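Novice: Here's my sequence, what's the structure:
(one chain, ligands or ions: 1)
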Amino acid sequence: MLFCLVLIAVVVLATPIAAHALSDSGQKANEEAGAVLFRDKGCTHCHGEGGIGGPKAPALLGIWNNKLLTPAKLTDQIMNGGQKMPPFSDSLTDAEIAQLVAYLRARHKPVPPPLPPGSPSAQ
Ligand code: HEC
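Specialist: Model prediction:
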């Protein structure tokens, strides 16, 4: 009887923890995929490596802390571009845009793995 209670308690307690861990790792995977896209789709060309900013475009490092730049706003900026930023809706899938948004919103942005030797640089 006691064993059953313990078992139920373990299952009930562990389920949300497992779900949380899963969504955490899904979030991380999205951020990492976004880091690769950010480099390989030409964002770094204007926004600098890792989004540190450059002569052509603003830094994107403070987005995690900017309540005005909601996921919807970021998605819109990437899809439709801005005054000087080109639109990317034709060259990125919805899933890729979502990954880029996850990356942009990450407080500690993951660094993409190095390109394999000999591969052409995206820039
Ligand atoms: C040709 C240069 C250029 C490229 C390439 C570019 N951007 Fe931009 N981006 C800009 C400029 C300039 C702005 C400032 C607003 C404007 O003119 O659109 C901007 C603004 C933004 C903003 C809004 C920042 C803010 O503080 O409001 C986001 C987010 C963004 N870019 C993400 C991206 C992502 C993601 C990519 C790659 C898919 C990308 N940009 C590629 C030039 C560029």
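Novice: give me the number of residues near residue 115?
Specialist: The tally of other residues near residue 115 (other CB atoms under 10 Å) stands at 13. The C-beta positions use only the backbone N, C-alpha and C, and glycine is treated the same way.
Novice: what does residue 77 give?
Specialist: Neighbourhood size, residue 77 [other CB under 10 Å]: 16.
Novice: low-scoring pLDDT stretches of this structure, where are they?
Specialist: Residue ranges of the chain with pLDDT under 70: 1-13, 16-17, 121-123.
Novice: Just the helices from it, written as ranges.
Specialist: For the chain, the helices defined by DSSP state H occupy 2-40, 43-47, 71-80, 94-105.
Novice: mind putting these in TSV, distance to residue 62 included?
Specialist: Below are these laid out as TSV (distance: least, CB to CB, whole Å):
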stretch	distance to residue 62
helix 2-40	16
helix 43-47	13
helix 71-80	13
helix 94-105	10
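Novice: How about the residues of the chain by the ligand?
Specialist: Residues of the chain lying near the ligand by CB under 6 Å from any ligand atom: 38, 41-43, 45-47, 56-58, 60, 69, 74, 77-78, 81-86, 88, 100, 104.
Novice: Quick one: buried ones out of the residues you listed?
Specialist: Buried members of the residues of the chain next to the ligand, scored by 16 or more other CB atoms under 10 Å, are 38, 41, 43, 46-47, 57, 60, 69, 74, 77-78, 85, 88, 100, 104.
Novice: who's in contact with the residue lying closest to residue 60 once chain neighbours are set aside?
Specialist: Once flanking residues are discounted, residue 60 sits nearest to residue 51: 3.5 Å by CB to CB, 6 or more residues apart in numbering. Residues in contact with residue 51, defined by CB atoms under 8 Å, 6 or more residues apart in numbering, are 38, 43-44, 59-61, 104, 109.
Novice: quick one: residue 51 from residue 72, how far?
Specialist: 19 Å (CB to CB, to the nearest Å).
Novice: Next: residue 38.
Specialist: To residue 72, residue 38 is 19 Å away according to CB to CB.
Novice: Ok, residue 56 next?
Specialist: 25 Å.
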